[in-house]
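> Give me the fold of what follows.
(2 chains)
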Amino acid sequence: MIEPIVVTGMGCISAAGNTASEFKKNIFSTQSNDTIRETSLFKTDENTNYITAEVKDYISEHHFSKNELKLLDRFAQFALISAQEAIIDAALDFTTLNPQRISVVHGSSIGGQQTIETAYAQLFEQGKTRTHPFTVPKLLPSAATSQISMKFGIKGPAFSTSSACSSSGHAIAMAALMLRSNLIDVAIVGGAEACITKGNFMAWDGLRVLSTDTCRPFSLDRSGLVIGEGAGTLILERETHARERGAKIYAKLSGIGMSSDAHNAVQPLPEGAEQAMQAALDDAKLTSLDIDYINAHGSGTLQNDKTESQAINTVFSEATIAPFVSSTKSIHGHMLGAGAVVEAIASILAIQNQTIPPTANVTQRDPLCPINLVSNQPVQAKIKWILSNSFAFGGLNVSLIFEAI
Amino acid sequence: MLTIKEKIEEIIAEYTDIPPTEFYQASSFAELNIDSLSVVEIIFDIEEAFDVKIPNEVDLEKEGFDCNSFVGVLAIVTALVESELHYD
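Below you'll find the model as predicted:
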């Protein structure tokens, strides 16, 4: 029998709050939120609506010394902040743990985008012939993992996962497999992204998937996704390990499912999403009747929400009561590589509070998305099992199942 | 206007608490409590400040220079500014 994996610590920073407790307040809010608004992170022009979900009131010098900041892109700063919060939350005492039995797996879709754009602007616009020598160690998508490992002296397996918007989902899955195989005792897992830069924003805009007003997943008038930024970190361990050290336990990670569409660079395929969800159910030894709530990928694009609804209806066709569905991206935006872990945190908070966080900004339900959508107001419900979906461009899918303790 | 020596002292002083008056005696940056990563940054700062390109270590050694101490760096920058040191 496979020993259960449990979550013992959480940390996150996003447009929906700079700590996990602020995040909780925002995702269960009954008021309309202002987490999504015109960006302050780069210069705008008259022709484009630069709507993003950026981290608010963030002053890097409040978190890091001048010397530390020299080697930290914004995404690695967010990663460290969320990791530190999760480690403190889990009361991990590194003096009593074997550092070689602790792992860091932190995902990112893009990595140090701000660093790249600064260097390119110097070379291609400002006529400079050199870039700062720390450009490379800052821009690597694995930089956040390295920084967490260095800061906390973690010496076990450490690597980054990159699968676009599923990156931190794959990070969680990889860490769970290492815990199941007894390769490690504790995993610091998550993802970070700081992708609200002019270059990245315009690149996404070129795909014609960005919303011009706000993020309204599954709403008839949805106009696209809203890019978000931030990071999330979970502490995972085997249940016996957590109990032996007297840790508080938030939830079990009962199932992981992964699949690949093998279909298209940007267009999602329902079958790929179905296979990921079914694989997670099989892994958790559950059926579709067991799931109470689905934290959808729900990006707010025309295509994703329709395809995901179709996939949910196929996988849950035998469910007598359709599971509740919502997308918290309407509050924290699409955090790309950090999305899956932050939505895992939303899912665990839903279990804790026995309340489903709503999909904000829904005006009218889309008949092409026939799901049991929780819109605009949180709903209290008995929640035992939650399925959380992350589907990435290029058809890379992860579904995770969390279970109440 | 600062002399070459004064400008280099000013740059290096950003990376150590040891006063510039003691830079001359140190046979390496390590003796000034400056790690190798900071040396890379110091070289970048010097290149920016003097608008020169400091050659790589192997080429410097061939010319009898070293860039791992204050005295060495001062000699390199002086040679570059006076165009005595050539590189491709």
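> Enumerate every residue touching the residue in the stretch 301-405 of chain A positioned nearest to chain B.
At 26.7 Å from chain B, A:G337 is the closest residue in the stretch 301-405 of chain A, using Cβ to the nearest Cβ. C-beta: built from backbone N, CA, C; applies to glycine. Taking Cβ atoms under 8 Å, 6 or more residues apart in numbering or on different chains as the criterion, A:G337 is in contact with A:107-110, A:162, A:164-165, A:167-168, A:191-193.
> That one belongs to a helix?
Yes. Assessed with DSSP: H, G, I helix; E, B strand; the rest coil, A:G337 lies in a helix.
> Give me the pLDDT value at it.
As predicted, A:G337 sits at a pLDDT of 98.
> what does the one 5 residues further on give?
pLDDT, A:V342: 98.
> In which helix or strand does it reside?
In the assignment (DSSP states H and E), A:V342 maps to helix A:339-353.
> Neighbouring strands of whatever helix or strand comes next after that helix in the sheet, and parallel or not?
Toward the C-terminal end, the helix or strand that comes next after helix A:339-353 (DSSP H and E) is strand A:355-356. Applying DSSP bridges, strand A:355-356 is found paired with strand A:379-380 (antiparallel).
> Please, where are all the helices along the chain?
Picking chain A for this. A:20-27, A:66-69, A:74-89, A:113-120, A:135-139, A:143-152, A:167-180, A:198-206, A:239-244, A:270-283, A:302-315, A:329-332, A:339-353 (DSSP state H).
> oops, I was thinking of chain B
Counting by DSSP H, the helices of chain B are B:4-13, B:36-50, B:57-62, B:70-81.
> Looking at these, which one is packed in the most?
The highest mean neighbour count among these, using mean count of other Cβ atoms under 10 Å in any protein chain shown, belongs to helix B:70-81: a mean of 19.
> Using CSV, write out the CA atom coordinates for that helix.
Output in CSV follows, covering the C-alpha atoms of helix B:70-81 (Å, rounded to 0.1, in the frame of the first residue of the first chain):
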residue,chain,number,x,y,z
PHE,B,70,43.7,45.5,-6.6
VAL,B,71,47.3,46.0,-7.8
GLY,B,72,46.7,43.7,-10.7
VAL,B,73,43.5,45.3,-11.8
LEU,B,74,45.0,48.8,-11.5
ALA,B,75,47.8,47.7,-13.8
ILE,B,76,45.4,46.3,-16.3
VAL,B,77,43.1,49.3,-16.4
THR,B,78,46.1,51.7,-16.6
ALA,B,79,47.5,49.7,-19.6
LEU,B,80,44.1,49.6,-21.3
VAL,B,81,43.5,53.3,-20.8
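> so how far is it from its chain's centroid?
Distance of helix B:70-81 from the chain centroid (Cα atoms, centre = their mean, to the nearest Å) equals 6 Å.
> That helix vs helix B:36-50, what angle?
30 degrees (axes from the mean of the first three to the mean of the last three Cα atoms, to 10 degrees).
> ok, the nearest residue to A:R101 once chain neighbours are set aside - how many residues close by?
Nearest non-adjacent residue to A:R101, counting by Cβ to Cβ, 6 or more residues apart in numbering or on different chains: A:D185, 4.2 Å away. Other residues near A:D185 come to 20 when the count uses other Cβ atoms under 10 Å in any protein chain shown.
> Hmm, A:D185 is touching A:E239, no?
No. Applying Cβ atoms under 8 Å as the test, A:D185 and A:E239 come out as separate, 11.9 Å apart.
> Return the residues in contact with the closest residue to A:Q77 other than its chain neighbours.
Of all residues not flanking A:Q77 in the chain, A:S60 sits nearest, at 5.7 Å (Cβ to Cβ, 6+ apart). Neighbour list for A:S60: A:69, A:72, A:74, A:77 [criterion: Cβ under 8 Å, 6+ apart].
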